[in-house]
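Trainee: All I have is the shape, not the residue letters:
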């Protein structure tokens, strides 16, 4: 089955945006949890599979192996189910229980690696599995060019439409694979040459800022290394967000704004508010809410 024939592909993208008021303007937040698989990674996986398909690497008997912190794996498991492609996912055991349950529901095989090894450990194990299985391939979300391309051709043009002709002062996004920030940044910087591109990373693992990798609670960003898909030449500023600030913002969004979102969304909105403080009145800052909060009920963000 060709990717363009997959029915669920019609339910990816065209997500809504919501204006969140700030003292100096508003933060336009794109709600990516509205994608069929529940996260922004639906777009990235679609783009990476498209890249593999065009390169002749995607066949009916292909086994796809991928290291993931959760959302990429969920999107890949979803596509694997409908395309009848075997999917093996490798994930650090520190990721939420809900992620494991969703992957199991799609029928994907999941292998857990030690939390202390982070994403690096998951990547190493995935590479080993590829060597062990004839014909197996790894999408490699951290370097697959289909990842940022997907955001350049879908996410960014949608943001431009959502802005309704207004200038965008800054685009803010957390860095996991770098796909969202790079793809959206390449497109929007052409439309708004003065726009600032802001990268968000966990304060507990500030590798983009030159610090050492470490553990943190902001699942989905901060892989502990600088991914190849991140074009640092586009980045104007890097903001470090603490676990506490990300979680506090996540709870605030649910309890005060009625937005049930994931922890990386809290990190993005916290950073967007920090950027807004330094801009002139009536400015527009854009960010993304990568997923919903249902994968985080067992985490400190929502655990009673």
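Mentor: Alright, I've got the coordinates. Just so you know, these numbers come straight off a predicted model, no measurement behind them. Residues are numbered from 1 along each chain as shown.
Trainee: Give me the pLDDT value at residue 1.
Mentor: At residue 1, the predicted lDDT confidence score is 63.
Trainee: That should have said residue 304, apologies.
Mentor: Model confidence at residue 304, given as pLDDT, is 67.
Trainee: What are the structural domain limits within this protein?
Mentor: The chain resolves into domains spanning 3-34+154-295, 42-138 when parsed by automatic domain parsing.
Trainee: Rebuild those as a markdown table, extending it with distance to residue 144 and mean neighbour count.
Mentor: Yep, even glycine has a C-beta here, placed from its N, CA and C like the rest. Shown next, in a markdown table, are the domains of the chain (distance: least, CB to CB, whole Å; neighbours: other CB atoms under 10 Å):
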| stretch | distance to residue 144 | mean neighbour count |
| --- | --- | --- |
| domain 3-34+154-295 | 7 | 20 |
| domain 42-138 | 5 | 19 |
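Trainee: Can you add distance to residue 147 and give these back as JSON lines?
Mentor: Listed next are the domains of the chain as JSON lines, based on distance: least, CB to CB, whole Å:
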{"stretch": "domain 3-34+154-295", "distance to residue 147": "4"}
{"stretch": "domain 42-138", "distance to residue 147": "5"}
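Trainee: Ranked by average pLDDT, which of those domains falls at the bottom?
Mentor: domain 42-138 (a mean of 94).
Trainee: Which parts of the stretch 1-150 of the chain are helices?
Mentor: Under the criterion DSSP state H, counting those that start in this stretch, the stretch 1-150 of the chain contains helices at 41-54, 71-83, 97-106, 118-132, 146-150.
Trainee: and if you look at the stretch 201-304 of the chain?
Mentor: For the stretch 201-304 of the chain, applying DSSP H, counting those that start in this stretch gives helices covering 243-256, 263-276.
Trainee: how many degrees apart are the last one and helix 243-256 in direction?
Mentor: What separates the directions of helix 263-276 and helix 243-256 is an angle of 100 degrees, with axes from the mean of the first three to the mean of the last three CA atoms, to 10 degrees.
Trainee: Point out the other elements, helices or strands, that helix 263-276 touches.
Mentor: strand 25-31, strand 170-174, strand 196-202, strand 237-241, helix 243-256, strand 283-289 (3 or more CB pairs under 8 Å, 6 or more residues apart in numbering; DSSP states H and E).
Trainee: give me every residue that touches residue 20.
Mentor: Residue 20 makes contacts with 26-29, 257, 269, as judged by CB atoms under 8 Å, 6 or more residues apart in numbering.
Trainee: what's the answer for residue 176, then?
Mentor: By CB under 8 Å, 6+ apart, residue 176 lies in contact with 69, 220-223, 227, 264.
Trainee: Residue 24 now?
Mentor: Taking CB under 8 Å, 6+ apart, we find residue 24 in contact with 276-277, 279-283.
Trainee: Distance check, it against residue 170.
Mentor: Applying CB to CB, to the nearest Å, the value for residue 24 to residue 170 is 12 Å.
Trainee: Repeat that for residue 66.
Mentor: Distance, residue 66 to residue 170, by CB to CB: 31 Å.
Trainee: now swap in residue 253 and tell me
Mentor: According to CB to CB, residue 253 stands 19 Å off from residue 170.
Trainee: Residue 84 too?
Mentor: Computed as CB to CB, the residue 84 to residue 170 distance reads 43 Å.
Trainee: farthest-separated two in the contacts of residue 24?
Mentor: Greatest spatial distance in the contacts of residue 24: 277 and 282, 14.1 Å, computed using CB to CB.
Trainee: mind checking which of the helices of the stretch 1-150 of the chain is nearest residue 301?
Mentor: The closest of these to residue 301 is helix 97-106. By CB to CB, the value is 11.6 Å.
Trainee: quick revisit: between residue 24 and residue 170, which contacts overlap?
Mentor: By CB under 8 Å, 6+ apart, residue 24 and residue 170 have these common neighbours: 279, 283.
Trainee: and the nearest residue to residue 11 once chain neighbours are set aside, how many residues sit next to it?
Mentor: Spatial nearest neighbour of residue 11, chain neighbours left out: residue 36 (3.7 Å); criterion: CB to CB, 6 or more residues apart in numbering. For residue 36, the tally of surrounding residues (other CB atoms under 10 Å) stands at 15.
Trainee: quick one: residue 36 and residue 290, what's the gap?
Mentor: Residue 36 is 15 Å from residue 290, where distance means CB to CB.
Trainee: ok, the nearest residue to residue 58 once chain neighbours are set aside - contacts?
Mentor: Take residue 58 and drop its neighbours on the chain: the residue closest to it by CB to CB, 6+ apart is residue 52, 4.4 Å away. Neighbouring residues of residue 52 by CB under 8 Å, 6+ apart: 58, 137, 139, 144, 146.
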